[in-house]
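Enquirer: pasting a predicted model and its sequence here:
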Amino acid sequence: MSPEAQDKERLRAQEARLRAVWELPSGWRYFSNVNNQVVGVWYTAASFGFFLFAGALALIMRAQLAVPGNDLVSAGTYNQLYTLHGTVMMFLFAVPIFEAVAILILPQMLAARDLPFPRLSAFGFWCFIIGGVFVAGSIFFDAAPDGGWFMYPPLSTNLETAGIGADIWLLGLSFIEIASIAAAVELIVGVLKCRPPGMRINLMPLYCWYVLIVGGMILFAFPPLIAGDILFELERLAGWPFFDAKRGGDPVLWQHLFWIFGHPEVYIIFLPSIALLAMIVPTFAQRPILGYGWIVLAAVGTGFLSFGLWAHHMFAIGLPAISAGFFSAASEAVAIPTGVQIFVFVATLLAGRVIFAIPMLFATGALAIFVFGGLTGVMVALAPFDWQAHDSYFVVAHLHYTLIGGMLFPLLAGVYYFHPFITGYMLSEKLGRWAFWLMFAGFNIAFLPMHFTGLRGMPRRVFTYPDDLGWNVLNLVSTAGAYLMAAGVLVFVLDVLRPPRFKRRAPANPWRAGTLEWTAGDPSEPWGIRCVPPVTSRYPLWQQKGLAEEIAAGRFYLPDAEEGKRETMVTGVLDAEPIQVLRVPHDSFQPMIAAVLVGGCFIAATFHWWAAAAASGIAGIAALMVWLWTGTAVIPEKPAKPVGMGEVLPLYASGSLSVGWWAMFITMVGDGTAFLSLVFGYFYYWTIHPVFPPEHAAGPGLAYPLAATGATLAAWALMLSARAANDADRPGMLRLALAGSTVLGLAGAVLLLLGPWTTRLDPTRHAYDAIVWVLVLWASLHNAVGALMQLYCLARSFAGRLTRTHDIDLRNVVLYWHFAAITALVTGAVIALFPLAN
């Protein structure tokens, strides 16, 4: 057999083994799929489905407002429509679609077979779809939330003015937020640890930079909302008065917690869409992006500054002048890094030869609309102007110019751009132009008049208006524009849903792009990229000649699947040096089962079915433990394997070399942010009360909080001893330290609870009592979860799955206890010592 024939036979055998390993399940087992490419398609399709649902709600609202005195829907129904429209667009479309698209395209962009936690992505998807259907479907039972997508108290906390819809909003979205944080963990670890060898952090595609930045923003933005949701639901459920001014609470605290999340969320929505433009613009300019370093710094600056703007949503509540001035200046300042990104795109287009294909058409429209929205954003950032325009249709117009231009149009550009990569088929050029111009014209006809409607005094969130205020024509024009835009969306949907036989087959790399995702080959092949190449440039397909052909020939890393396992490569955080071959889990129903059970706990709690909620929650925890036991930290059959190009890599890694350690660290950063949000609530009450704690409250005392802190710190110290014993290969000492740490951790939890219990702090009496109890419960719960983790490690040790060389579980749990100890220390100091300082 000739060398050429041998080479072809080798390739066929390798591809057959890869196909067998990565083959997608069929029939009813299709829903056990955890392949990120498939889960990404599901996620994207579901997010677009929620977008269409929210758009239909908006069309009903516009029909109601087309003429004065209309009675198409009642006031109550209209309240549900606008609340659910905003909720679905923000929580079920704008953020999830970023995570869905990233999960879909990131593996190939990083030349990775898969991201490190495919089952986590699947779990997040099922959480998203269950929570989304629960929240969105409530309107069909006249039970939808009706307090606005921001749910301001006291109207929303009052059981008489807000029915079960408020609980559906709170618990449903809390469940959905699990999906968002799960996806953020997956994406951050994927970008940091799954890049191809040689792709240093300064060589990453810009899309990866934006994913990393936005994932970090999610970790700091979503937890304050989760903390607020906890306080909100405790007030509705148990009467704890966090937002009741009569009992020491303050509804403005909710506004702070909500908008600390809410304004960064605007940039969490905006930056991923800019990331799509950062891939599209260089491709259609046929040259590398100008100012790579500048655009990265601008994206980081935008993300950082976005956390200093939240109170510009609160100018009208009567902020002190110095606060209004600070937040106004910060709101103006964020325009600088945003402008840098826009100017980089314009400069790249001017320096290249622009091809105005459909993706570029949508990208240009996006830039035009967003710049206009940014200009009105500068206007409302000025407190005196905001006082006039606040809660008027001017703000509605500004919001939609920013989000439609900054998010929807770039997203549609990305759909046209990546559709050949995902399906192997091209979308229609003719239908694409029709869709663009209908949407572009319809959008401007709908929302441009709203600026004038608002300046003429029309408040937002009204379901009708009188005939003599001069708003009639403007509202009718806006309604006509909304339906024209809907026609464009319909054309787009029909184009995407056309059967493949009516679409043109896409050639390889149809846009002649320079990034690695376009080497993936036939989209029907389940393995993603054929092999993992070394990367030495930002646009490998342009700057590393012949790379695509060598990848197809399997001449780089991981060209085969000899052991019949799904594998991807783990590399260093900064320089992407090869570290490990990671065995990723195969398909399983476990993520779906766990999501259904955990979701059942949230849904049952909404209707106060406490027994069912407890049973579902316990079963959910059990399902998660089974998932962890069988699907993570699997001990390989050999310590290392050759991966090609003369390299041999280990099959197991722990500590900071492992992806699991990074996932735990990132998760606990988000957890710590939620905890600090609760601590913020404690000190917020101190700032608004002349006497805090109130005179009636003795506080939790010194003895129990300090004893609890001491017990928790001792538990943490014993975990360090357990790690040292394991490193010394002393399993008996390891198990003894784990058992002792478990006892001390649980003792710390009990002692924390005894503090406010023995001093008779009543959480229904005053906000001080309630916030102390929340901090104590939070820290105690973390000790209890830590004890569960310690028992898990103990069981792994007795089962022979936790040893000196296979210790990833132990090192991750030690990392968790670092955060648990800090939580207990801060809790003890705040509730026991801070009143003494007062």
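Expert: That came through fine.

Enquirer: is it correct that Pro154 falls within a strand?
Expert: No. If the criterion is DSSP: H, G, I helix; E, B strand; the rest coil, then Pro154 is coil and not within a strand.

Enquirer: when you give positions from now on, start the count at 9
Expert: I'll keep to 9 as the first residue from here, and by that count the last item is Pro162.

Enquirer: ramachandran angles for the closest residue to Val667 other than its chain neighbours?
Expert: Spatial nearest neighbour of Val667, excluding adjacent residues (CB to CB, 6 or more residues apart in numbering): Pro124 at 4.1 Å. C-betas here are computed from N, CA, C, even on glycine. For Pro124, the backbone dihedrals are phi -70, psi -20 (criterion: degrees, to the nearest 10).

Enquirer: for Pro124, what are its contacts?
Expert: Counting by CB atoms under 8 Å, 6 or more residues apart in numbering, Pro124 makes contact with Glu194, Val197, Gly198, Lys201, Cys202, Thr576, Val578, Leu590, Val592, Val667, Ala671.

Enquirer: can you redo the residues you listed as JSON lines with neighbour count?
Expert: Formatted as JSON lines, the contacts of Pro124 follow (neighbours: other CB atoms under 10 Å):
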{"residue": "Glu194", "neighbour count": "29"}
{"residue": "Val197", "neighbour count": "25"}
{"residue": "Gly198", "neighbour count": "29"}
{"residue": "Lys201", "neighbour count": "27"}
{"residue": "Cys202", "neighbour count": "25"}
{"residue": "Thr576", "neighbour count": "26"}
{"residue": "Val578", "neighbour count": "24"}
{"residue": "Leu590", "neighbour count": "24"}
{"residue": "Val592", "neighbour count": "21"}
{"residue": "Val667", "neighbour count": "24"}
{"residue": "Ala671", "neighbour count": "21"}
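
Enquirer: from these, which ones fall inside helices?
Expert: The members of those that map onto helices under DSSP state H are Glu194, Val197, Gly198, Lys201, Val667, Ala671.

Enquirer: can I assume the last one is in contact with Arg127?
Expert: What that stands for is Ala671. No. In this structure Ala671 lies outside contact range of Arg127 using CB atoms under 8 Å: 11.9 Å.

Enquirer: would you turn the ones in helices among the contacts of Pro124 into CSV with distance to Ala619 and pLDDT?
Expert: Converted to CSV, the ones in helices among the contacts of Pro124 look like this (distance: CB to CB, whole Å; pLDDT from 0 to 100):
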residue, distance to Ala619, pLDDT
Glu194, 34, 94
Val197, 38, 96
Gly198, 40, 95
Lys201, 42, 96
Val667, 38, 95
Ala671, 33, 95
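
Enquirer: model confidence for Thr681, exactly?
Expert: Per-residue confidence (pLDDT) for Thr681: 96.

Enquirer: can you tell me the closest non-neighbouring residue to it?
Expert: Thr681's closest residue in space is Pro231 (CB to CB, 6+ apart), at 3.9 Å.

Enquirer: please apply the same query to Ala421.
Expert: Phe370 (3.6 Å).

Enquirer: next up, the contacts around that neighbour.
Expert: Phe417, Pro418, Leu420, Ala421, Tyr424, Phe444.

Enquirer: what do you get if the cut-off is 7 Å, keeping everything else the same?
Expert: Going by CB atoms under 7 Å, 6 or more residues apart in numbering, Phe370 touches Phe417, Leu420, Ala421, Tyr424, Phe444.

Enquirer: ok, now how distant is it from Leu686?
Expert: For Phe370, the distance to Leu686 equals 42 Å [CB to CB, to the nearest Å].

Enquirer: pLDDT-wise, which helix or strand of the protein ranks last?
Expert: Ranked by mean pLDDT, DSSP states H and E, the weakest helix or strand in the chain is helix 842-845, scoring a mean of 61.

Enquirer: ok so, going back, now do the buried residues in the helix or strand hosting the residue nearest to Ala421.
Expert: Taking DSSP states H and E as the criterion, Phe370 maps to helix 366-388. Using 16 or more other CB atoms under 10 Å as the test for burial, helix 366-388 gives 366-375, 377-378, 380-382, 384-385, 388.

Enquirer: next helix or strand past that helix?
Expert: helix 391-397.

Enquirer: what about the strands in this protein?
Expert: Using DSSP state E, the strands found in the chain span residues 433-434, 512-513, 575-579, 586-591, 648-652, 655-658.

Enquirer: single out the most deeply packed of those.
Expert: Across the strands of the chain, averaging neighbours per residue (mean count of other CB atoms under 10 Å) puts strand 575-579 on top, at a mean of 24.

Enquirer: quick one, that one and strand 586-591 angle?
Expert: Put simply, strand 575-579 runs at 150 degrees to strand 586-591, going by axes from the mean of the first three to the mean of the last three CA atoms, to 10 degrees.

Enquirer: parallel or antiparallel, list what pairs with strand 575-579.
Expert: strand 586-591 (antiparallel) (DSSP bridges).

Enquirer: CA atoms of the strand it pairs with as PDB?
Expert: Extracted in PDB, the C-alpha atoms of strand 586-591 (Å, rounded to 0.1, in the frame of the first residue of the first chain):
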ATOM      1  CA  PRO A 586      -0.700  22.100  27.100                       C
ATOM      2  CA  ILE A 587      -1.500  20.800  30.600                       C
ATOM      3  CA  GLN A 588      -4.000  18.000  30.400                       C
ATOM      4  CA  VAL A 589      -6.300  15.900  28.200                       C
ATOM      5  CA  LEU A 590      -9.700  16.200  29.800                       C
ATOM      6  CA  ARG A 591     -12.200  13.400  29.600                       C
END
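
Enquirer: residues contacting that strand, please?
Expert: 124, 205, 573-580, 642, 644, 649, 651, 655, 657-659, 661, 665, 667.

Enquirer: if we use 6 Å, what do you get?
Expert: Pro205, Lys573, Glu575, Thr576, Val578, Thr579, Val651, Leu657, Pro658, Leu659, Ala661, Leu665 (CB atoms under 6 Å, 6 or more residues apart in numbering).

Enquirer: that strand - what's its average pLDDT?
Expert: 94.

Enquirer: next, count neighbours for the residue nearest to Ile366 when sequence neighbours are not counted.
Expert: Distances taken as CB to CB, 6+ apart place Gly440 nearest to Ile366, at 3.7 Å, with adjacent residues excluded. The number of residues packed around Gly440, counting by other CB atoms under 10 Å, is 22.
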